[in-house]
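Student: kindly return the folded structure for what I paste below:
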Amino acid sequence: MTQADPRTASMVQLMEKLAPVEGYNLSALEDIRFLRSNRPLARTPVLYDPGIVILCQGRKRGYLGDEVYIYDAQHYLVVSVPVPFTMETDASEAEPMLAVYMRLNFQLASELMLQVDEALGPSEAQPRGMYASPMDDLLRASTQRLLEAMSRTGEAHILGPSLVREIYYRILTGEQGGSMRAALNLQGHFGKVTRAIRKIHACYQARLDVASLAQEASMSVPSFHLHFRNVTNLSPMQYLKSTRLHQARLLMLRNAMTASMAAFNVGYESASQFSREFKRFFGRTPHAEIAWMKATYALPAPTTPSMYVSSH
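Tutor: Down below sits the predicted model:
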């Protein structure tokens, strides 16, 4: 999709102003960032915070197990629980990747979910931790209005929140909105696994084991193993390791921590073990990875948000 496409041309023009520099660009609203990438990026491990990604130009592909998630000007991505996967980006100087990232506001989403369920009935769809879905005309129009408001300082603060609410409504009532509503309900095995995932992200520095996480989920260990893998495509301990490594990378990038300090801060007792596992996971040593991220994203560390609990 190019800028000549009449459905996206005006959105691209607005995004060029809202995302003038490569990497993440802050906005007037805390939960919204504008992302620009002027170059293609090969597959890299990422761990998205719950949120919504709407691309106006360019393309991203996410790989989770056997699933491939394509999000571009015709598809948006929704993440309801943090799921580690690998991602690659198509972009160039002539046609940069331009995207809106909206960190998921669970209170707003839950309030709207209850209203939508009351109007349409409870969702019978299967909850999903992540999905890509086609952009329809209603969501595209809502996004256009949000970008227009965000480009004007006064409107951004006054109209922005109501337009964010409108976008949430479009997604919750969209083609796969039932899956998101089911995920927000935290019912059944998905809800139990989600509670354990939240425990991991809140306490990843602590000594966590499968038995304690299964207890958090109110499940037997065998059942917890099975359903955790169904949601994340990883075992609980693999997920914990991934979370620790992503958090360590973020600490080294944001806080200029040494690898040893970061390892200690995320729960590793052995710096050498951390370095081995880090290189195996990211394909680079800690020092080389941070140097690559700084060169690639060209932003001061503090402006890099946790959507990439790794990078974005």
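Student: CA only for contacts and neighbour counts going forward, please
Tutor: OK.
Student: residue ranges for the strands of this protein, please.
Tutor: In the chain, strands defined by DSSP state E lie at 23-26, 32-37, 41-47, 51-57, 59-64, 67-72, 75-79, 84-90, 97-103, 130-134, listed in chain order.
Student: counting by contacts, list what the first one packs against.
Tutor: In this structure, strand 23-26 packs against strand 32-37, with contacts taken as 3 or more Cα pairs under 8 Å, 6 or more residues apart in numbering; DSSP states H and E.
Student: just the C-alphas of the strand it packs on, formatted as CSV.
Tutor: The C-alpha coordinates for strand 32-37 follow below in CSV (Å, rounded to 0.1, in the frame of the first residue of the first chain):
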residue,chain,number,x,y,z
ILE,A,32,-0.5,6.8,22.5
ARG,A,33,2.8,6.7,20.7
PHE,A,34,3.6,7.2,17.0
LEU,A,35,6.2,5.0,15.4
ARG,A,36,8.4,5.5,12.4
SER,A,37,10.9,3.1,10.8
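Student: and the angle from that strand to strand 84-90?
Tutor: Per axes from the mean of the first three to the mean of the last three Cα atoms, to 10 degrees, the angle that strand 32-37 makes with strand 84-90 is 60 degrees.
Student: so which of the strands of the chain comes closest to residue 258?
Tutor: Closest to residue 258 of the strands of the chain, according to Cα to Cα: strand 41-47, at 20.6 Å.
Student: parallel or antiparallel, list what pairs with that closest one.
Tutor: strand 84-90 (antiparallel) (DSSP bridges).
Student: and the strand it pairs with with strand 51-57, angle?
Tutor: 10 degrees.
Student: now do strand 84-90 against strand 97-103, angle only.
Tutor: Counting by the same axes, to 10 degrees, strand 84-90 lies at 150 degrees to strand 97-103.
Student: now do the buried residues in strand 84-90.
Tutor: Of the residues in strand 84-90, those with enough neighbours to count as buried (16 or more other Cα atoms under 10 Å) are 84, 85, 86, 87, 88, 89, 90.
Student: tell me which of the strands of the chain sits nearest to residue 10.
Tutor: Proximity to residue 10 (Cα to Cα) singles out strand 51-57 among these, at 9.5 Å.
Student: that closest one packs against which elements?
Tutor: For strand 51-57, the contact count by 3+ Cα pairs under 8 Å, 6+ apart identifies helix 9-18, strand 67-72, strand 75-79, strand 97-103 as packing neighbours.
Student: nearest to residue 38, out of those?
Tutor: Of all the helices and strands packed on strand 51-57, strand 97-103 sits nearest to residue 38, with 6.5 Å by Cα to Cα.
Student: please compute how far the closest one lies from its chain's middle.
Tutor: On the basis of Cα atoms, centre = their mean, to the nearest Å, strand 97-103 sits 10 Å off its chain's mean C-alpha point.
Student: what pairs with it, parallel or antiparallel?
Tutor: strand 32-37 (antiparallel), strand 51-57 (antiparallel).
Student: out of the ones you listed, which gets nearest to residue 160?
Tutor: Nearest to residue 160 among these is strand 32-37 (9.9 Å), distances taken as Cα to Cα.
Student: hey, which helix or strand in the protein has the poorest pLDDT?
Tutor: Each helix and strand of the chain was given a mean pLDDT (mean pLDDT, DSSP states H and E); the minimum falls on helix 286-297 at a mean of 88.
Student: quick one: work out the angle between it and strand 32-37.
Tutor: For helix 286-297 and strand 32-37, the angle between their directions (the same axes, to 10 degrees) works out to 90 degrees.
Student: so how far is helix 286-297 off the chain centroid?
Tutor: Averaging C-alpha coordinates over helix 286-297 and over its chain gives two centres that are 20 Å apart (Cα atoms, centre = their mean).
Student: sweet, I'm off.
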